[in-house]
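Asker: This is the structure alone, sequence omitted:
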């Protein structure tokens, strides 16, 4: 169902009926971009391209879908027949996943016969927005806790299963070490991580019994959740039982704290563990964490070795959507422009050129028209031609390496969690002229 | 993939390995509830039950899934064998979808052998949280614009496809008239609605030509988007072309405004249409709408007949998650309780009794233990017994009627968008005693 072509807005189909009747099949160029960054983001990270590509490759109506549409009595049989053979035969240019970008920079361009380019709009936005939003949030978490292991815990409060899976993918891409979501491990080959919940403790007659049983059943993963009743008592129990487990060949690996004042508890627990001879036992923390809380804990030197970040990541709670758009920039060789208030578009097929400073940090991005020749490296690459991939699927591990390099190009100020005024995006002279001529031709 | 049993957190499986080794198969009771209402919600609406029921009915591991788990080398073959025959054989008690509820009221209870009840946790929360959140937001939109048609436009910015589909379902449940998402129409039999985007206008040489072509291709749905270039000019064009279309047997149905000052534009457009003899042509508005904006437009008497509400609904942007939990309340006949700071639970199998005042509005809810006999009507009903449904699936149209009745039970203050202090939830004497005895038994 996740790749059904009916994952679209009805208006795409009513417009397609119009295009069909007028035989408007010429080449259209649409671009996806973000109009304004969310208030709490200094940059964004492009993500979701791989899912767009598989959507486009598999794009086809089934007989059942055609029949269902016929049953709505909204469409002519000639039009419905045309859908039977519709597939995506166009080109895709895009920024590679993991690329840093800013407002008004196209991160993906579709060049295809108008009906195809139109019909894919809804799902394409749906796919690109979510992972871009999560990758951007995850990047902030990773930068707030350098060198620490962070695990995605968010599936349960993600908006549906697909959001949970894609959040695992996008956060791993940006440097998270693992996800708790088993299916994300199976689908994307992401390391999975997880130990016990409070219910495991409660189901046992005592916390000790629960810890021991868990350790015996998961000897390589002896991580104990110690806050079900009282965090410090939980830590003391771990100290008391460690020698016994050691005797059975089980090494206590870590404890997890999931509630209360995490800094205070982590400090107390560190003392208890160290005094008990468990200096190697790591402390994990979870519960309402996000990049701000990670930064606070790191700044306070909290003795926490790893973090579980869940709800606030998977819902991108402080920026739960992007002001993004997928807009027609050219049809049948004619550039087009929308003048709706607050939503004016830049016409034409565009490219972004990026110039780095002597430290390798982003200095200036120039948005111009394709074919222009400017200083810097272009950010958009041809990815699909005539509906076929030009390259094999990029392994997630490779994207992860590339994204880590990209994060290093952020100027120091821009890496901060607090909003800064940094907009490196300039419009080129060539694009400016195109704007003027497109404006004139409309009247 | 949306019903894969691997849609769970790894810790469910590591805990199950422990339960398996200890043969902990006794009956567990878990309850799902919301700890605190979001700041901007005065009440919540239970939703998502139907999806939980189909998840439970279909719950089964495939051979591929078992093999994948075996490949992780985390589990014993005896445990993996036990998963081969695992199915959900337990009971479900729940509030019907569409029921108004408040913090600390269980809206669903699972009674099942511990491993089953444990393993379903992650997906159950994932399913219940999202639709409950959207239904609650949609209820606010409906109450803010009484008598107006509201359509869900949010698919593109929903978090993945499932969120888009479930948002369509939950908002229709609460009184929206339709959704733009085609697949939601096909899946849930929700009316679908939609006309044209700006790209349709831009792909044509002129706005007039676009309007005419659209009307001829969709004669029963002649709704024109008039803000691509200039809203008032767009309205004037509609007035000029209406007689011509009329001559062809096409009646202009409505215009849509999607940007700028919607109140001002709607007033101008209403004048233009009325003076042009198009008093019957409706005005639709969209673009960044939510319940607050609907309330503002209604209060200002904006001449808008229907609204499209998208992003801010489908992401529940002002409350993008719920502080919800699924907690073990009883195992093997023993009540259990968690004492984690800020997350203390109420033990035992619970029921909620609701008392209405003389106007039929909610006066008091009492949370007590099952079997207690209190004034009012109980809110939780048996739904599944031994893994089988006690009733056939409730049609969405019926749930919609029930939800409309439920909204009428909200006291006037609570219907307001602004936060009010209204907490009708009391804890019964019987539950209080259980709390005390559970507390004691722990030490």
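Answerer: Nice, thanks for sending it over. It should be emphasised that the depicted structure is a prediction, and the values quoted were computed from it without experimental measurement.

Asker: count of residues packed around the residue lying closest to residue A:152 once chain neighbours are set aside?
Answerer: Sequence neighbours aside, residue A:179 is the residue nearest to residue A:152 in space, at 4.1 Å (criterion: CB to CB, 6 or more residues apart in numbering or on different chains). The way it works is simple: take the backbone N, C-alpha and C, and place the C-beta from them, glycine included. Counted with other CB atoms under 10 Å in any protein chain shown, residues neighbouring residue A:179 total 30.

Asker: Could you give the bridge partners of residue A:179?
Answerer: residue A:152, residue A:192 (DSSP bridges).

Asker: unless I'm mixing things up, residue A:27 is touching residue A:113, no?
Answerer: Yes. Between residue A:27 and residue A:113 there is a contact under CB atoms under 8 Å: 6.4 Å.

Asker: Now do the shared contacts for those two.
Answerer: Taking CB atoms under 8 Å, 6 or more residues apart in numbering or on different chains as the contact rule, residue A:27 and residue A:113 have no neighbour in common.

Asker: any idea which element the residue positioned nearest the centre of chain A lies in?
Answerer: Computing the C-alpha centroid of chain A and ranking residues by CA atoms, centre = their mean puts residue A:131 first, at 2.5 Å. Residue A:131 is part of helix A:121-144, with elements assigned from DSSP states H and E.

Asker: Check which residues of that helix are buried.
Answerer: Buried residues in helix A:121-144, defined by neighbour count with 16 or more other CB atoms under 10 Å in any protein chain shown: A:121-144.

Asker: again with stretch A:54-72
Answerer: Those would be A:55, A:56, A:59, A:61, A:65, A:66, A:68, A:69, for stretch A:54-72 by 16+ other CB under 10 Å.

Asker: Then stretch A:361-377?
Answerer: Quick answer for stretch A:361-377 (16+ other CB under 10 Å): A:361, A:362, A:365, A:366, A:367, A:368, A:369, A:372, A:374.

Asker: what's the answer for stretch A:21-39, then?
Answerer: Of the residues in stretch A:21-39, those buried (16+ other CB under 10 Å) are A:21-22, A:24, A:27-34, A:37-38.

Asker: Then stretch A:199-213?
Answerer: A:199, A:200, A:201, A:202, A:203, A:204, A:207, A:208, A:210, A:211, A:212, A:213.

Asker: which residues make contact with stretch A:233-252 from outside it?
Answerer: In contact with stretch A:233-252 (CB under 8 Å, 6+ apart) are residues A:207-208, A:211-212, A:215-216, A:219, A:222, A:224-228, A:255, A:268-269, A:272-273, A:275-278, A:280-281.

Asker: now it: how far from the chain's centre is it?
Answerer: 39 Å (CA atoms, centre = their mean, to the nearest Å).

Asker: still on that earlier bit, of the contacts of stretch A:233-252, buried ones?
Answerer: In the contacts of stretch A:233-252, the ones that pass as buried (16+ other CB under 10 Å) are A:207-208, A:211-212, A:215-216, A:222, A:224-228, A:255, A:268-269, A:272-273, A:276, A:278, A:281.

Asker: Keep only the residues you listed that also lie close to chain B.
Answerer: A:216, A:227, A:228 (CB under 8 Å from any CB of the partner chain).

Asker: tell me which of those is nearest to residue B:13?
Answerer: Closest approach between those and residue B:13, by CB to CB: residue A:216, at 16.0 Å.

Asker: secondary structure element for that closest one?
Answerer: helix A:207-217.

Asker: Please name the bridge partners of residue A:381.
Answerer: residue A:94.

Asker: Isn't it up against residue A:99?
Answerer: No. Using CB under 8 Å, residue A:381 makes no contact with residue A:99, being 9.9 Å away.

Asker: So those two - more neighbours on which side?
Answerer: The neighbour comparison of residue A:381 against residue A:99 (other CB under 10 Å) goes to residue A:99, with 25 against 14.

Asker: just checking, the more buried one touches residue A:44?
Answerer: No. Judged on CB under 8 Å, residue A:99 makes no contact with residue A:44 at a distance of 9.3 Å.

Asker: Which strands or helices does the helix holding residue A:216 pack on?
Answerer: helix A:198-203, strand A:223-225, helix A:231-247, helix B:10-22 (3 or more CB pairs under 8 Å, 6 or more residues apart in numbering or on different chains; DSSP states H and E).

Asker: for the helix holding residue A:131, the distance to its chain's centre please.
Answerer: Worked out by CA atoms, centre = their mean, helix A:121-144 lies 3 Å from the chain centre.

Asker: touching chain B at all, it?
Answerer: Yes. For helix A:121-144, a contact with chain B is found by CB under 8 Å from any CB, at A:121, A:122, A:123, A:125, A:126, A:129, A:130.

Asker: picking up where we left off before, any chance of CSV for the helices and strands packed on helix A:207-217, columns mean pLDDT and distance to residue A:8?
Answerer: Formatted as CSV, the helices and strands packed on helix A:207-217 follow (pLDDT from 0 to 100; distance: least, CB to CB, whole Å):
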stretch, mean pLDDT, distance to residue A:8
helix A:198-203, 96, 41
strand A:223-225, 98, 44
helix A:231-247, 97, 50
helix B:10-22, 98, 35
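
Asker: Figure out which of the ones you listed is closest to residue B:424.
Answerer: With CB to CB as the criterion, residue B:424 lies closest to helix A:198-203 of the helices and strands packed on helix A:207-217, at 28.3 Å.

Asker: And chain B, is the closest one touching that?
Answerer: Yes. Residues of helix A:198-203 contacting chain B under CB under 8 Å from any CB: A:198, A:199, A:200, A:202, A:203.

Asker: The stretch 201-350 of chain A: helices as residue ranges?
Answerer: A:207-217, A:231-247, A:262-275, A:291-299, A:311-314 (DSSP state H, counting those that start in this stretch).

Asker: can you state the direction angle for the first one and helix A:231-247?
Answerer: Relative orientation of helix A:207-217 with respect to helix A:231-247: 40 degrees, computed using axes from the mean of the first three to the mean of the last three CA atoms, to 10 degrees.

Asker: Let me know the angle separating helix A:207-217 from helix B:10-22.
Answerer: Going by the same axes, to 10 degrees, helix A:207-217 makes 90 degrees with helix B:10-22.

Asker: on that earlier part again, could you dump the helices and strands packed on helix A:207-217 into JSON lines with distance to residue A:419 added?
Answerer: Formatted as JSON lines, those follow (distance: least, CB to CB, whole Å):
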{"stretch": "helix A:198-203", "distance to residue A:419": "37"}
{"stretch": "strand A:223-225", "distance to residue A:419": "36"}
{"stretch": "helix A:231-247", "distance to residue A:419": "35"}
{"stretch": "helix B:10-22", "distance to residue A:419": "36"}
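
Asker: Residue A:315: which of those is closest?
Answerer: helix B:10-22 (20.4 Å).

Asker: just checking, what packs against that closest one?
Answerer: helix A:182-188, helix A:198-203, helix A:207-217, helix B:77-84, helix B:114-119.

Asker: Could you list the domains of chain A?
Answerer: A:10-134+A:320-442, A:146-314 (automatic domain parsing).

Asker: Comparing those, which comes out most buried?
Answerer: domain A:146-314 (a mean of 21; mean count of other CB atoms under 10 Å in any protein chain shown).

Asker: Would you mind measuring the gap between the ends of that domain?
Answerer: 20 Å (CA to CA, to the nearest Å).

Asker: Centre of the chain to it, how far?
Answerer: With CA atoms, centre = their mean as the basis, domain A:146-314 stands 23 Å off its chain's centre.

Asker: next one: stretch A:351-358
Answerer: 23 Å.

Asker: do stretch A:110-126 as well
Answerer: 21 Å.

Asker: before we move on, the earlier item: let's have the buried residues of stretch A:199-213 in CSV, adding distance to residue B:90.
Answerer: Below are the buried residues of stretch A:199-213 laid out as CSV (distance: CB to CB, whole Å):
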residue, distance to residue B:90
A:199, 15
A:200, 18
A:201, 21
A:202, 18
A:203, 15
A:204, 20
A:207, 26
A:208, 29
A:210, 22
A:211, 27
A:212, 28
A:213, 23
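
Asker: closest to residue A:342 among those residues?
Answerer: Checking those against residue A:342 with CB to CB, the nearest one is residue A:199 at 49.3 Å.
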